[in-house]
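[1] quick one, fold the following:
(2 chains)
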Amino acid sequence: AQSVTQPDIHITVSEGASLELRCNYSYGATPYLFWYVQSPGQGLQLLLKYFSGDTLVQGIKGFEAEFKRSQSSFNLRKPSVHWSDAAEYFCAVAPGYGGSQGNLIFGKGTKLSVKP
Amino acid sequence: EAGVAQSPRYKIIEKRQSVAFWCNPISGHATLYWYQQILGQGPKLLIQFQNNGVVDDSQLPKDRFSAERLKGVDSTLKIQPAKLEDSAVYLCASRQLGRHEQYFGPGTRLTVT
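    Residues are numbered from 1 along each chain as shown, chains lettered A, B, ... in the order given. Okay, here's the model as predicted:
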């Protein structure tokens, strides 16, 4: 069965420091990959997506992610974190085609705290 | 462009009562999803519609949950009767045919006491 693992439940970084959030997936083929962000009391906002092509994708708010097929990973990065980035981040995969096309499978999320 | 709308934003009910949530997707999005997000977890798909037809409801607890999208636009998710373990945020998302990204509404936070 398809699955998504986000190994870090909670990460704290200082404002201005770099950030990397880890995501590993289990799927037989290359899935569609997404990162979403959820601020308290809010829905999920799409940060970026990977379908094919260049394995380094750019998203909104200065985030980027790199797809590594050999490691089944899709890690999210930001070179300099801002206090407003404090939120929960979810990695998700959409497996394949057919009736389940587009159905997202989410990881459990990583909560990001930012120290002043 | 208006986003996905959901109401109510918050609901508190007692166990065994019934509750309904409403979702209006982004205009022109044929596919609509309902997710359940329990505290500390990622969202889990409950049901997927394409237009007014159900595509996937394999994870919907059909003994107590029901959903409809009669005219292929807005949708209602109902729980009857509610249990304590139904306390969660219920998220609605929509997707345009031919695209893969889903757009989420703000969610409805349900507390069952």
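[2] for chain A, what lies in contact range of chain B?
    Listed as neighbours of chain B in chain A under the rule Cβ under 8 Å from any Cβ of the partner chain: A:4, A:32, A:34, A:36, A:41-46, A:49, A:51, A:90, A:92, A:94, A:99-100, A:102-109. For the C-beta atoms, the positions are set from N, CA and C on the backbone; glycine is no exception.
[3] next one, pLDDT for the closest residue to B:Tyr10 other than its chain neighbours please.
    Using Cβ to Cβ, 6 or more residues apart in numbering or on different chains and skipping the chain neighbours, the partner closest in space to B:Tyr10 is B:Arg109 (5.0 Å). If you check B:Arg109, the pLDDT there is 96.
[4] B:Ala93: what's it in contact with?
    A:Leu44, A:Leu104, B:Val4, B:Pro25, B:Leu32, B:Tyr33, B:Tyr35, B:Gln102, B:Tyr103, B:Phe104, B:Gly105 (Cβ atoms under 8 Å, 6 or more residues apart in numbering or on different chains).
[5] an error on my part: the question was meant for B:Lys15.
    When contacts are counted by Cβ under 8 Å, 6+ apart, B:Lys15 touches B:Pro81, B:Ala82, B:Lys83, B:Leu84, B:Val112, B:Thr113.
[6] quick check on these: which are buried?
    By neighbour count, with 16 or more other Cβ atoms under 10 Å in any protein chain shown, these hold B:Ala82, B:Val112 as buried.
[7] export the contacts of B:Lys15 as CSV, with columns for pLDDT and distance to B:Asn51.
    CSV is the format used below for the contacts of B:Lys15 (pLDDT from 0 to 100; distance: Cβ to Cβ, whole Å):
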residue, pLDDT, distance to B:Asn51
B:Pro81, 96, 30
B:Ala82, 97, 29
B:Lys83, 97, 31
B:Leu84, 97, 35
B:Val112, 98, 32
B:Thr113, 97, 37
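[8] one step back: PyMOL command for the buried members of the residues of chain A next to chain B?
    Applying 16+ other Cβ under 10 Å to the residues of chain A next to chain B, the buried members can be selected in PyMOL as follows:
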select buried, chain A and resi 4+32+34+36+43+44+45+46+49+90+92+94+100+102+103+104+105+106+107+109
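[9] picking up where we left off before, of all the contacts of B:Lys15, which comes closest to chain A?
    Chain A has its nearest neighbour among those in B:Val112, at 18.6 Å by Cβ to the nearest Cβ.
[10] so that closest one sits against B:Ala88, correct?
    No - counting by Cβ atoms under 8 Å, B:Val112 sits too far from B:Ala88 to count as a contact (9.1 Å).
[11] for the residue of chain B found nearest chain A, helix, strand, or coil?
    Nearest to chain A, among the residues of chain B, is B:Gly42, at 3.0 Å (Cβ to the nearest Cβ). Here B:Gly42 takes the coil state, with states given by DSSP: H, G, I helix; E, B strand; the rest coil.
[12] now do A:Gly43, the pLDDT please.
    87.
[13] the closest residue in space to it that isn't next to it in sequence bridge partners, please.
    Closest residue to A:Gly43 apart from its sequence neighbours, by Cβ to Cβ, 6+ apart: B:Phe104 at 4.0 Å. Judged by DSSP bridges, the bridge partners of B:Phe104 are B:Ala93.
[14] ok, B:Phe104 to B:Cys92 distance?
    Separation of B:Phe104 from B:Cys92 (Cβ to Cβ, to the nearest Å): 7 Å.
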